[in-house]
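In: turn this into a structure:
(2 chains)
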Number of protein chains: 2
Amino acid sequence: MKKLINDKSHFLADMMDGLKYRDEKIEVIEETVVVRRNKKTSGVALISGGGSGHEPAHAGYVAEGMLDAAVCGEVFTSPTPDKVLAAIEAADNGDGVLLIIKNYAGDVMNFEIAQEMAEANGHEVKAVVVRDDIAIENEEQRRGVAGTVLVHKYAGFLASSGHSLNTIKEKVEEMMTSLHSIGMAIHPCMVPTTGEYGFDLQDDEMEIGIGIHGEKGIYREKAEPVDKIIERLLDELSKYNEHDDLVVMVNGMGGTPQSELSIVAKYTVESFKRRNMKMAKLLVGDYMTSLDMQGFSLTIVDASDELMKALEAETNSDYFN
Amino acid sequence: MKKLINDKSHFLADMMDGLKYRDEKIEVIEETVVVRRNKKTSGVALISGGGSGHEPAHAGYVAEGMLDAAVCGEVFTSPTPDKVLAAIEAADNGDGVLLIIKNYAGDVMNFEIAQEMAEANGHEVKAVVVRDDIAIENEEQRRGVAGTVLVHKYAGFLASSGHSLNTIKEKVEEMMTSLHSIGMAIHPCMVPTTGEYGFDLQDDEMEIGIGIHGEKGIYREKAEPVDKIIERLLDELSKYNEHDDLVVMVNGMGGTPQSELSIVAKYTVESFKRRNMKMAKLLVGDYMTSLDMQGFSLTIVDASDELMKALEAETNSDYFN
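Out: Reported below is the predicted structural model:
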């Protein structure tokens, strides 16, 4: 395995040190909990997190207008409840805390345990669980993927606007009913802690419906021109969104060059036109990655007036433009 | 070859279309010339460009506080003089134009031909040639690499401050005397227009001193932990910079995940401490890439007061934080 790391056993610790040096807006407490250097003094605190390997998610979104804290687990491994609790205690300013959890068994369990511990300590805590990955048919079991970053931005805007914890939870849950994603890869990720690829692909194959932890997709096919791939993904996504005015996110999986993301953007826009689907806003970038995987995901969500305002609102995150 | 493209013969055209959709601040003229949608009405216009494959360079830096135009060639191929001329004619508002050229024979020739043509048409045009890559021993032959982006930012600040064309050229040339970079890779880039890797590496090898067009390095070695690699690069760089207060850029080569760039950042900071070298500012990100190459480069430059101000100055580029 070749990786730009020192030793796989302190991958996470080294990354946390690097984050501190990279980003003057944050500080790291309890080794793996990223909080804002300038804690906000009022408004609901937003906390997310999960296994590492999805950078810039989630630590890169600890910024004005987005998250107040991010809890970083080992690569593709949920953070423990004590770390989530530390994040809650650090971020809560008395106006309550919303946990934004991606739907993985470990994350849901550990964040909920932390929620109970925090409630016992007098914190008001609610949680939303993001389940945007339509590669999983069963709605309850759907994984949280790139759409989670749109939840961060939307909830961040709502918190900045002074909404209560209950209102934010309600609005986010309403927004998530139309939030759907699906991803694909032409090269799997190499997991630095195991030295293994998440899955194996032949030189002429692609994998459709991959997860962000190296999970295999729902099927594989001979690799195709990207416009054909986009048709496959939009055929799936368009089953879920009847609304014709959509926010679209083209998300790189970490090893995909920006040139190819631009090409994906082009053919996504063109497919929308052909389908008479309306694109209210297009976001393109590496938002929720899977280490060095080469591939992309598409996310769509109804372009409500409030979401549009949220996406235009200021944030000083370096990773959300 | 697996790539997220439609057809290699219109890679550039598709990417240009995608850029238009991605970035509302820009427009594309003459097919491959990116200019600001809101042209500035006074101040020296800054133009850069070169072969594609280095995204976000250079189109991503067409933004307030940085470039006025970027001329995009085919992958790893210089743009033609007529395109550079079109950029000059579009960007010049009467206060003159500075061309920021990376030191490659084709770029230098084509930009200079365009300069002469533009001068014949009455434009005042000067040029600076960036030669920051110390992998090449002969100073005149050194390639322009990631340091070019610092030149964009510095010159952008100087232009915004109202300096004249001659002054900007002079200040940039002074700044470039201490601008030095060196890069490395653990995986070469796959060039979409040829279907070939830039060079071949065994599973346990790394290449030191690579160029950004898939050029081989100056030597190869067994892959090492990243802290050892950083020592190699800083041993070379520190020969050139006596000044002890430095701006440092850790640049990802396109396929390197953000987690690994953070780890590179950590060990770079630590090596600076051990060497008693002072780091005035650290920039980490994908600034000047080589398609999907996995690797990184380090750039250092003396932290003059004016450069520090330039780096803190506002820009609305999505790619310079």
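In: strands of the stretch 101-250 of chain A, residue ranges please.
Out: A:125-130, A:180-187, A:190-191, A:196-197, A:205-208, A:219-222, A:245-252 (DSSP state E, counting those that start in this stretch).
In: figure out the length between the terminal residues of stretch A:125-138.
Out: 27 Å (Cα to Cα, to the nearest Å).
In: neighbouring strands for the helix or strand bottoming out on mean pLDDT in chain A, and are they parallel or not?
Out: The weakest-scoring helix or strand in chain A, judged by mean pLDDT, DSSP states H and E, is strand A:196-197 (a mean of 92). Note on strand A:196-197: by DSSP bridges, its sheet partners are strand A:190-191 (antiparallel).
In: contact partners of the strand it pairs with?
Out: A:1, A:3, A:53, A:75, A:76, A:196, A:197, A:198, A:214, A:291, A:292 (Cβ atoms under 8 Å, 6 or more residues apart in numbering or on different chains). Just so you know, the C-beta spots here come from the backbone N, C-alpha and C atoms, and that holds for glycine as well.
In: highest neighbour count among the residues you listed?
Out: Within the contacts of strand A:190-191, residue A:53 tops the neighbour count with 32 neighbours, counted by other Cβ atoms under 10 Å in any protein chain shown.
In: check contacts around it.
Out: A:75, A:76, A:189, A:191, A:212, A:213, A:289, A:290, A:291, B:257, B:259.
In: which residues does the fourth one form beta bridges with?
Out: Residue A:191 has these beta-bridge partners by DSSP bridges: residue A:196.
In: how many residues are close by it?
Out: By other Cβ under 10 Å, neighbour count at residue A:191 equals 22.
In: for chain B, see how far away it is.
Out: 11 Å (Cβ to the nearest Cβ, to the nearest Å).
In: mind pulling up the pLDDT for that residue?
Out: We note a pLDDT of 95 for residue A:191 in this prediction.
In: circling back: show me how far the least confident helix or strand of chain A is from its chain's centre.
Out: 22 Å (Cα atoms, centre = their mean, to the nearest Å).
In: over to stretch A:176-186?
Out: 11 Å.
In: ranges for the helices of the stretch 151-300 of chain A?
Out: With helices called from DSSP state H, counting those that start in this stretch, the stretch 151-300 of chain A shows them at A:165-176, A:226-237, A:258-274.
In: chain B is nearest to which of those?
Out: helix A:258-274 (3.0 Å; Cβ to the nearest Cβ).
In: give me the contacts around that closest one.
Out: A:226-227, A:230-231, A:234, A:246, A:248, A:250, A:252, A:278-279, A:282, A:284-286, A:296, A:298, B:3-6, B:11, B:14-15, B:17-19, B:21-22, B:52-53, B:55-56, B:60, B:254, B:286, B:289, B:291-292.
In: excluding chain neighbours, give the residue nearest to residue A:143 in space.
Out: residue A:133 (4.1 Å; Cβ to Cβ, 6 or more residues apart in numbering or on different chains).
In: whoops, residue A:86 was the one
Out: residue A:30 (4.3 Å).
In: now, of the contacts of helix A:258-274, which are buried?
Out: Using 16 or more other Cβ atoms under 10 Å in any protein chain shown as the burial test, the contacts of helix A:258-274 include A:226-227, A:230-231, A:234, A:246, A:248, A:250, A:252, A:279, A:282, A:284-286, A:296, A:298, B:3-6, B:11, B:14-15, B:17-19, B:21-22, B:52-53, B:55-56, B:60, B:254, B:286, B:289, B:291-292 as buried.
In: one step back: buried deepest among the helices of the stretch 151-300 of chain A, which one?
Out: Highest mean neighbour count among the helices of the stretch 151-300 of chain A (mean count of other Cβ atoms under 10 Å in any protein chain shown): helix A:258-274, with a mean of 23.
In: please list all residues in contact with residue A:315.
Out: A:63, A:64, A:65, A:66, A:153, A:156.
In: before we move on, what about residue A:136?
Out: By Cβ under 8 Å, 6+ apart, the residues touching residue A:136 are A:142, A:143.
In: show the pLDDT at it.
Out: 95.
In: from chain B, how far off is it?
Out: 23 Å.
In: inside strands: which ones of the buried ones among the contacts of helix A:258-274?
Out: Per DSSP state E, strands hold the following members of the buried ones among the contacts of helix A:258-274: A:246, A:248, A:250, A:252, A:279, A:282, A:284, A:285, A:296, A:298, B:52.
In: quick check: beta-bridge partners of the first one?
Out: This means residue A:246. Under the criterion used (DSSP bridges), residue A:246 bridges to residue A:279, residue A:302.
In: may I see the buried residues of whichever helix or strand residue A:86 is part of?
Out: Assigned by DSSP states H and E, residue A:86 falls within helix A:81-91. Of all the residues in helix A:81-91, those buried under the rule 16+ other Cβ under 10 Å are A:81, A:83, A:84, A:85, A:86, A:87, A:88, A:89, A:90, A:91.
In: which one of the residues you listed is nearest chain B?
Out: Once Cβ to the nearest Cβ is applied, the member of the buried residues of helix A:81-91 that ends up nearest chain B is residue A:83, at 17.9 Å.
In: now do the contacts for that closest one.
Out: Per Cβ under 8 Å, 6+ apart, neighbours of residue A:83: A:30, A:31, A:32, A:33, A:49, A:71, A:73, A:114.
In: can you do 10 Å?
Out: A:29, A:30, A:31, A:32, A:33, A:49, A:71, A:72, A:73, A:110, A:114 (Cβ atoms under 10 Å, 6 or more residues apart in numbering or on different chains).
In: how far away is it from residue A:273?
Out: 46 Å (Cβ to Cβ, to the nearest Å).
In: can you check residue A:260 too?
Out: 21 Å.
In: try residue A:265
Out: 13 Å.
In: give me the phi and psi for residue A:138.
Out: phi -70, psi 120 (degrees, to the nearest 10).
In: how many neighbours does it have?
Out: Counted by other Cβ under 10 Å, the residues lying close to residue A:138 total 7.
In: quick one: residues contacting it.
Out: residue A:131.
In: next: residue A:34.
Out: A:16, A:19-20, A:23, A:25-28, A:49, A:58-62, A:67-72, A:87, A:90.
In: give the buried subset of the residues you listed as a PyMOL selection command.
Out: Selection of buried members from the contacts of residue A:34 for PyMOL, criterion 16+ other Cβ under 10 Å:
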select buried, chain A and resi 16+19+20+23+26+27+28+49+58+59+60+61+62+67+68+69+70+71+72+87+90
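In: pLDDT score assigned to the closest residue to residue A:60 other than its chain neighbours?
Out: In this structure, residue A:60 finds its nearest non-sequential neighbour in residue A:319, 4.1 Å apart by Cβ to Cβ, 6+ apart. Reported pLDDT at residue A:319 in the predicted model: 97.
In: could you measure from the nearest residue to residue A:207 once chain neighbours are set aside over to chain B?
Out: Nearest residue to residue A:207, sequence neighbours excluded (Cβ to Cβ, 6+ apart): residue A:217, at 4.0 Å. As judged by Cβ to the nearest Cβ, residue A:217 and chain B stand 15 Å apart.
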